[in-house]
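Q: Below: sequence and its predicted model.
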Amino acid sequence: MRPAEFNETRKEVANQASGTVLEIGFGSGYNLPFYKDINKLYALDPSLELFVYAKNHIASASFPVEYLQNSAEKIPLEDSSIDTVVSTWSLCSIPDLPKALKEIKRVLKPSGRFLFIEHGQSPKTINSAVQKLFTQVTRHFTGNCHLDRKMNDFITDSGLIIESIEMLPEEGRPLMFSYQGVAVRRVN
């Protein structure tokens with residue numbers, strides 16, 4: 001996801017983060033300039049190559065950044081240790097999304113929030129069917145991006161509670177549909 005084209009949305013999501021933050025799919029650090037009120041950022045990404053690229057962005061951060069080279073299916077952090085988890089266009093590519101979302105729930109503090117903007121399944125039947133067909137082919141050369149995941153169902157199935165969500169088609173991209181929102185941890 002090219003940064004300039006999506007900066008307004010990145011800013012909208014990252015500006016809501018506070019406290020100790022975990023970013024899922026940190027990549028090359030495109031969200032870094034938009035964090036305003038955070039104490040520390042854990043930058044989770046399986047790609048060391050992208051992290052090396054992000055080092056210049058990290059050097060200019062006004063808060064500590066700790067890189068975690070790992071997948072979201074096994075987050076190397078303590079239970080209830082994170083105030084905010086942020087994911088911008090990353091969940092679509094995680095191989096075991098249900099497991100990753102349970103990990104997100106596990107690391108969130110009881111008062112924590114999960115902020116997200118993600119690709120997902122369109123509510124329009126024809127678009128959804130085309131997304132499903134395209135995903136079978138395109139995921140092999142788009143970093144495992146699944147255009148056909150119904151993100152709100154995956155999030156609630158993990159035990160997180162969606163506080164707010166906006167679902168909308170992406171402008172100029174007929175097969176792209178976005179889910180943007182906030183979820184919180186359900187205390188059992």
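A: Looks like it came in fine. Numbering: from 1, shown residues only.

Q: If you count contacts, what does the one helix or strand in the chain whose mean pLDDT sits lowest end up packed against?
A: For the chain, counting by mean pLDDT, DSSP states H and E, helix 125-138 ranks last in confidence among helices and strands (a mean of 73). Counting by 3 or more Cβ pairs under 8 Å, 6 or more residues apart in numbering; DSSP states H and E, no packing neighbours are recorded for helix 125-138 among the helices and strands. Just so you know, the C-beta spots here come from the backbone N, C-alpha and C atoms, and that holds for glycine as well.

Q: right, and the helix or strand after it?
A: Scanning the chain past helix 125-138 towards its C-terminal end, the next helix or strand to appear is helix 151-157 (assignment: DSSP states H and E).

Q: who's in contact with that following helix?
A: When contacts are defined by Cβ atoms under 8 Å, 6 or more residues apart in numbering, helix 151-157 is touched by residues 91, 97-98, 101, 114, 116, 118-121, 162, 165, 167, 179, 181, 183.

Q: Just the ones in strands from those residues, please.
A: Applying DSSP state E to the contacts of helix 151-157, the entries found in strands are 114, 116, 118-119, 162, 165, 167, 179, 181, 183.

Q: Could you dump these into CSV and include pLDDT and neighbour count?
A: Putting the ones in strands among the contacts of helix 151-157 into CSV (pLDDT from 0 to 100; neighbours: other Cβ atoms under 10 Å) gives the following:
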residue, pLDDT, neighbour count
114, 98, 27
116, 96, 26
118, 89, 22
119, 84, 26
162, 96, 16
165, 93, 15
167, 84, 16
179, 88, 23
181, 96, 19
183, 97, 26
